[in-house]
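Peer 1: for reference, the sequence and a predicted model appear below.
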Amino acid sequence: MNIPLNRHSNILDFSLSSLLRRKSKNLSLLVVYTLIIFVIASLIFFVQALKREAAQLLKEAPDMVVQRMVAGRHDLIPAAYGEKISAIRGVTSVSPRLWGYYYDQVFGANYTLLVAEGKPVEPGNIMIGAGVARNQRIQASDMLTLKTSANEALLLTVQGIYPSSSELISSDLIILSAEDFQAMFNLPPGQNTDLAVTVANPREQVTVAAKIAELFPDTRPILKSEILRTYDSLFEWRGGMIVVILAVAVLSFIIFAWDKATGLSAEERKEIGILKSIGWETSDVLLLKFWEGIVISLSAFLTGVVLAYVHVFFFSAALFEHALKGWSVIYPQFRLVPVIDVYQLTVLFFLTVLPYTAATIIPAWLAATVPPDAAMRS
Amino acid sequence: MIELSSVTKTFNADRHNQFTAVDDVSLTIEPGRLTILKGPSGSGKTTLLALIGCMARPTSGRIRLHNIRTSFFTEAENSALDITSLPERFLTEIRRTTFGFIFQQFNLVKGISALENIMLPAYPTGENQADFRRRALELMELFSVSRHAASPVEWLSGGELQRVAIARALVNNPAIIIADEPTAHLDSKLSGEFMEMVGNLKSEGKTILIASHDPLVYDSVLADTVVGMRDGRITGITGAA
Amino acid sequence: MRKSSLFFLFTAANIALIGLITAHARYSQAMAETGIQERAGLVRALQLTDLCLFTEARYTRHPAMADRFAPFQDHPGAMEHFPSGSLVTPPLKRVHEHSP
């Protein structure tokens, strides 16, 4: 074996022996460190996977959704608007959307009621999301009772349930016919919830949106790019409750680690003196401290990242469920497609491993410059 | 051979608390001999040992080492190496290849096993661990402390600590052993044992340099040269060759 | 065995695990392709605009369709009170649209 490698493994040997002397202290440090890396890495994995999924799915969303605003609120839009919008150059098609929310008082859940284009269900029939089926404890061909706005019961047959693999988009959906939707909510004739506008040329979308806003000042066009951006800014890991809690944990860890790493006790100082007196160079002492820092921080980082991956992609981020679920009664059960964001993990590496190692080395550096005969004179 | 000419060491130069620990010392230490620096505390013995052992540089004067092995000097130039003006890292290399140190307080690292303590000076040399580990175990065998190889040093008795400290001084197989008040914390019996071990080392051809004010040491029959010191100056040399 | 060798082994094992999860991520992404196609097809067919993540309120169920002042639609005094609300922010563009 060559000399530099031998030197490293020899000094690492001593670093480990040295760390093992304060076994419980260093072990608890390692555990806390790993836990913090685990939570942050879990968050990174979860958010990145969700963002990727959102980007892949929502690129199929309508090019533009036009809402009508009345007195500052989202209101019904007349079908006549759609006719005029479809006349705008660049607009391929306009399709009115009918959708709304329904609160089930018995089960305490919010459903999204939606009339799908192309009539996938006949009047009296519905398609439901897996979350609704779970919540109502019903299966295909069972009956579901909804209460109309006139407080009458509307009996609907479950024609099918969307597969659980699609829960991330369909969990709370009830797809019904336009007739049943009308029976439920008794909308004024010729009115829709909003309009989905198709613009074939993506570069024309902004121009078309401006034209619509000009033509109908009471409308608000929402572009697909804005929808995508909404989900891109979702779960921004700089904002959000988890990060706030995490910040406190990280801060206390930094204080703890700083105290641990920088607090060079009189005994440690003496040890450095001994090492210098028996022929260790300043650089050897620094190498010793470097390895002490690396052993803790690298182990914590690698273990934390692996555990986080298992947590998010094998256990569906079980620890985050409560925070995400909030007050929801219907919570989609989904398995995320794994994504490893090398950039963010690298940033995490540099923000955790390097400062800790530096905090271990720097105070030792000051002590390591003592003259080697100091140990003799004491 | 170690050659000192007009070596002076002044601490806190040009300040009100300036004091000269070693004052104009010239001395030749022969190889393979036991040299004792004798004198009361504060006589400059320890400072002189530190200067010879490449731990500190003299304020003035020269120290030359003859026939030592280093990686940075070839054999031809090797005949006499002036260590007074060498850079720090060369001094460190000489220190760990040429000298073995035995300290008054033993200076063992607590919480670490006796074996690892003995191996400590060899770690940064980059030598293969298996090699110096074997050497350390042989030394433990030699000093009959093998059964403590895995024990932390604080479990060992005074005599055992002493032997571990000597073993540590020998692990890099140095030509010169330097001991500073080695018997200060030992009773007469252990001091006697220590001198016995010194005798063995001497018979192996090691150059030994001991600073002590213990009669058991400087009156020992093993001592080849006794250098008396007081106030940083040599007061007399007995038994010089 | 030497302590340093144990540490190197441990680190090597960890790095191997990182490699393994990277491979697993690649593999899963390839395997999930059909599922994503199916879901994307459903989004297209139903003209969906949002992921079904939080069903507790309208503006958390359809963040892309909601307003900056969405919380007040429920009740004038209704401040931000859902945990998910702290995770969801409207697009910056529309924050400006509705700022006074």
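Peer 2: That came in fine, so what should we check first?
Peer 1: which parts of whichever helix or strand residue A:367 is part of are buried?
Peer 2: Secondary-structure assignment from DSSP states H and E places residue A:367 in helix A:342-368. Applying a neighbour-count criterion of 16 or more other CB atoms under 10 Å in any protein chain shown, the buried positions in helix A:342-368 are A:344-345, A:348-349, A:352-353, A:355-357, A:359-361, A:363-364, A:367-368. Yep, even glycine has a C-beta here, placed from its N, CA and C like the rest.
Peer 1: break the chain into its domains for me.
Peer 2: Went with chain A since none was named. By the record's domain assignment, chain A is partitioned as A:3-57+A:235-377, A:64-233 (automatic domain parsing).
Peer 1: my bad, chain C
Peer 2: C:3-46, C:58-98.
Peer 1: weakest of the ones you listed in terms of mean pLDDT?
Peer 2: If you rank the domains of chain C by mean pLDDT, domain C:58-98 sits at the bottom with a mean of 58.
Peer 1: contact partners for residue 63?
Peer 2: With no chain named, the answer covers chain A. A:196, A:197, A:198, A:199, A:202, A:205, A:223, A:224 (CB atoms under 8 Å, 6 or more residues apart in numbering or on different chains).
Peer 1: not quite, go with chain B.
Peer 2: Contacts for residue B:63 (CB under 8 Å, 6+ apart) come out as B:2, B:3, B:4, B:5, B:7, B:51, B:52, B:82, B:83, B:84.
Peer 1: next: residue C:42.
Peer 2: With CB under 8 Å, 6+ apart, residue C:42 has these contacts: A:162, A:166, A:169, A:170, C:48.
Peer 1: thought the second one was touching residue C:37?
Peer 2: Think residue A:166. No - under the criterion of CB atoms under 8 Å, residue A:166 is not in contact with residue C:37, lying 11.2 Å apart.
Peer 1: more neighbours, these two?
Peer 2: Per other CB atoms under 10 Å in any protein chain shown, whichever of residue A:166 and residue C:37 has more neighbours is residue A:166, with 22 against 12.
Peer 1: secondary structure class for the closest residue in space to that one that isn't next to it in sequence?
Peer 2: Excluding its sequence neighbours, the residue lying closest to residue A:166 (CB to CB, 6 or more residues apart in numbering or on different chains) is residue C:39, at 5.0 Å. Under the three-state scheme (DSSP: H, G, I helix; E, B strand; the rest coil), residue C:39 adopts helix.
Peer 1: measure how buried the nearest residue to residue B:238 once chain neighbours are set aside is and give me the count.
Peer 2: Here the nearest residue to residue B:238 in space, its sequence neighbours aside, is residue B:226; by CB to CB, 6+ apart that works out to 4.8 Å. The local packing count at residue B:226 equals 21, with neighbours defined by other CB under 10 Å.
Peer 1: cool, and residue A:140?
Peer 2: Per other CB under 10 Å, the neighbour tally for residue A:140 reads 12.
Peer 1: mind checking how far it is from residue A:106?
Peer 2: Plainly put, residue A:140 is 21 Å away from residue A:106 if you go by CB to CB, to the nearest Å.
Peer 1: residue B:229 now?
Peer 2: For residue B:229, the distance to residue A:106 equals 101 Å [CB to CB].
Peer 1: more crowded one of those two?
Peer 2: In this view residue B:229 and residue A:106 are compared by other CB under 10 Å, and residue B:229 has more residues nearby, 24 against 8.
Peer 1: which strand residues sit across from that one in the sheet?
Peer 2: Listed by DSSP bridges, the beta-bridge partners for residue B:229 are residue B:234.
Peer 1: which residues touch it?
Peer 2: If a contact means CB under 8 Å, 6+ apart, then residue B:229 has B:37, B:38, B:39, B:43, B:44, B:45, B:48, B:235 as its contacts.
Peer 1: now with 10 Å, please.
Peer 2: Each residue near residue B:229 by CB atoms under 10 Å, 6 or more residues apart in numbering or on different chains is listed here: B:22-23, B:25, B:27, B:37-40, B:42-45, B:48, B:211, B:213, B:235-236.
Peer 1: and if you look at residue B:20?
Peer 2: Under the criterion of CB under 10 Å, 6+ apart, the neighbours of residue B:20 are B:8, B:9, B:10, B:11, B:13, B:44, B:47, B:59, B:231, B:232, B:233.
Peer 1: so which of those is the closest to chain A?
Peer 2: Proximity of the contacts of residue B:20 to chain A (CB to the nearest CB) peaks at residue B:47, which lies at 7.9 Å.
Peer 1: thinking the closest one is in contact with residue B:57, fair?
Peer 2: No - under the criterion of CB atoms under 10 Å, residue B:47 makes no contact with residue B:57, lying 11.5 Å away.
Peer 1: what secondary structure does residue A:335 sit in?
Peer 2: If you use three-state DSSP, then residue A:335 falls in the coil class.
Peer 1: can you count the residues close to residue A:187?
Peer 2: As a burial measure, residue A:187 scores 16 neighbours (other CB under 10 Å).
Peer 1: now the one 5 residues further on
Peer 2: Residue A:192: 22 surrounding residues under other CB under 10 Å.
Peer 1: all strands of chain C, in order?
Peer 2: Read by DSSP state E, chain C holds no strands at all.
Peer 1: wait, I meant the stretch 201-350 of chain A
Peer 2: Under the criterion DSSP state E, counting those that start in this stretch, strands of the stretch 201-350 of chain A are mapped to A:219-223.
Peer 1: flag the shaky bits of it, pLDDT-wise.
Peer 2: Residues of the stretch 201-350 of chain A meeting the criterion pLDDT under 70: A:234-246, A:248-249, A:252, A:256-257, A:260-263, A:326.
Peer 1: let's see it at 50
Peer 2: By pLDDT under 50, the weakly predicted segments of the stretch 201-350 of chain A are A:237-239.
Peer 1: again with chain B
Peer 2: Across chain B (using pLDDT under 50), the flagged ranges come out as B:241.
Peer 1: and the closest residue to chain A within it, how far is that from residue B:171?
Peer 2: Nearest to chain A, among the residues of chain B, is residue B:96, at 2.8 Å (CB to the nearest CB). Residue B:96 sits at a distance of 10 Å from residue B:171 (criterion: CB to CB).
Peer 1: overlap in contacts, the two.
Peer 2: Taking CB under 10 Å, 6+ apart as the contact rule, the neighbours common to residue B:96 and residue B:171 are A:278, B:121, B:122, B:123, B:125.
Peer 1: show me which of these neighbour chain C.
Peer 2: Of the entries in the shared contacts of residue B:96 and residue B:171, not a single one is placed beside chain C under the rule of CB under 10 Å from any CB of the partner chain.
Peer 1: I'd like those residues as TSV, with secondary structure and neighbour count appended.
Peer 2: TSV is the format used below for these (DSSP: H, G, I helix; E, B strand; the rest coil; neighbours: other CB atoms under 10 Å in any protein chain shown):
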residue	secondary structure	neighbour count
A:278	coil	27
B:121	helix	27
B:122	helix	25
B:123	helix	28
B:125	helix	19
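Peer 1: in JSON lines: these, plus distance to residue B:187.
Peer 2: Supplementary listing: the shared contacts of residue B:96 and residue B:171 in JSON lines, determined by distance: CB to CB, whole Å:
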{"residue": "A:278", "distance to residue B:187": "26"}
{"residue": "B:121", "distance to residue B:187": "27"}
{"residue": "B:122", "distance to residue B:187": "31"}
{"residue": "B:123", "distance to residue B:187": "33"}
{"residue": "B:125", "distance to residue B:187": "35"}
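Peer 1: what's the closest of those to chain C?
Peer 2: Out of these, the one with the shortest distance to chain C is residue B:123. That distance is 10.6 Å, counting by CB to the nearest CB.
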